[in-house]
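Q: based on what follows, work out the 3D shape:
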Amino acid sequence: MLRRTGRSALFSEALKATVPVMLGYLTLGLAFGLLASDSGLPWWLTLCMSLFMYAGAGQFALVGLLAAGGGPAEAAILSFAVNIRHAAYGVSMLGRFAPWPRLKPYLALSLTDETFALLSTLPQRGRDDGRFMGMVSALNQAWWVAGTMAGVFAGAILPWKLEGLDFALTALFVVLLVEQLRRVREPWPYVGAALSAVFGTLIAGPRAGMVIGLAGGMAVASIRRGPAVRDSGSSAGNSDSGDRKEGRSGE
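A: Next up is the predicted model:
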């Protein structure tokens, strides 16, 4: 893939590699910019979110939270819950990023779902070239930022209010929920989150209900994970014991 070694050749190859991501990020970034503009967020805050937060689902969620009058505590908990999966991406790629210490922080912090998938499927030469991975990561973020600003400017000049666009957030999380349920097949954390959110909303209001719902879901997930970890550990122990017995009998 990387037959030529010049900087322009690397950029050209990275540009080609990011075309599928570009098509998605320009569209979703446009929707995010429109939603942020329609919610009354200033353009500079919207731009800063795409530059420094750079987490699609988290940004959509944060716009809805800020528009509803949410405070810093709710924003921090929501961002943590939505974006915690990105930490796993960074940890799994640290070995490949290690030979490039100057690029390593950005490579780790710019790992979105799509960038992680793209970097994970590069040919070997591309995977071992930190400059190439950095260009891919930077281009993907550039597409997101470009889409965001296009949405912000479009929202500023449109003569009508974009009624119903905020439902994109609800639709996005319904899709994410369905995909998670199909992949994980463990409904109890979601049931716990829903029941906790309803209970918290009835007792303390909608703002506190979101926080209580997130806390409830995380608590149920932790409780459910404990027995699974113990069972896997005991299974591994039984397997080791069986192996030792077989070894002795073989002797």
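Q: buried ones in stretch 22-34?
A: Counting neighbours by 16 or more other Cβ atoms under 10 Å, one finds that the buried residues in stretch 22-34 are M22, Y25, L26, L28, G29, L30, A31, F32, G33, L34. All C-beta atoms are positioned from the backbone trio N, CA, C, and that covers glycine.
Q: filter these down to the ones in helices?
A: Members of the buried residues of stretch 22-34 lying in helices (criterion: DSSP state H): M22, Y25, L26, L28, G29, L30, A31, F32, G33, L34.
Q: redo these as a markdown table? Include distance to M149.
A: Formatted as a markdown table, those follow (distance: Cβ to Cβ, whole Å):
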| residue | distance to M149 |
| --- | --- |
| M22 | 15 |
| Y25 | 12 |
| L26 | 11 |
| L28 | 13 |
| G29 | 8 |
| L30 | 9 |
| A31 | 13 |
| F32 | 10 |
| G33 | 6 |
| L34 | 11 |
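Q: ok, the residues you listed vs M49, which is closest?
A: Taking Cβ to Cβ as the measure, M49 lies nearest F32 of those, at 8.4 Å.
Q: tell me how far that closest one lies from S50.
A: For F32, the distance to S50 equals 8 Å [Cβ to Cβ, to the nearest Å].
Q: give me the contact list for stretch 35-55.
A: 29, 32-33, 59-60, 62-64, 66-67, 79, 82-83, 86, 109-110, 112, 141, 144-145, 148-149, 151-152, 154-156, 161-162, 165-166, 168-169 (Cβ atoms under 8 Å, 6 or more residues apart in numbering).
Q: sort out which of these are buried, if you could.
A: Among the contacts of stretch 35-55, the ones that count as buried (16+ other Cβ under 10 Å) are 29, 32-33, 59-60, 62-64, 66-67, 79, 82-83, 86, 110, 112, 141, 144-145, 148-149, 151-152, 155, 166, 168-169.
Q: those in helices, which ones?
A: Short answer: the buried ones among the contacts of stretch 35-55 in helices (DSSP H) are 29, 32-33, 59-60, 62-64, 66-67, 79, 82-83, 86, 141, 144-145, 148-149, 151-152, 155, 168-169.
Q: for M135, give me its contacts.
A: L10, F11, A14.
Q: where does it sit relative to F116, distance-wise?
A: 16 Å.
Q: where does the stretch 151-251 of the chain dip in pLDDT?
A: 159-173, 175-177, 179-181, 183-185, 206-211, 213-214, 217-218, 221, 224-251 (pLDDT under 70).
Q: could you chop the protein up by domain?
A: If you go by automatic domain parsing, the domain ranges for the chain are 7-185, 187-251.
Q: pick the most buried one from the ones you listed.
A: When those are scored by mean count of other Cβ atoms under 10 Å, the highest mean neighbour count falls to domain 7-185 (a mean of 16).
Q: pull the distance from it to the chain's centre.
A: The chain centroid and the centroid of domain 7-185 are separated by 7 Å under Cα atoms, centre = their mean, to the nearest Å.
Q: contact partners for G134?
A: By Cβ under 8 Å, 6+ apart, the neighbours of G134 are W100, L103, Y106, L107.
Q: about what we covered before: need the ones in helices among the buried residues of stretch 22-34 in a markdown table (columns: pLDDT).
A: Compiled in a markdown table, these are given as follows (pLDDT from 0 to 100):
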| residue | pLDDT |
| --- | --- |
| M22 | 89 |
| Y25 | 89 |
| L26 | 90 |
| L28 | 86 |
| G29 | 90 |
| L30 | 90 |
| A31 | 87 |
| F32 | 90 |
| G33 | 91 |
| L34 | 88 |
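Q: show me which of those is closest to T201.
A: Using Cβ to Cβ, those come closest to T201 at F32, 26.2 Å.
Q: now that closest one: how far from G155?
A: F32 is 10 Å from G155, by Cβ to Cβ.
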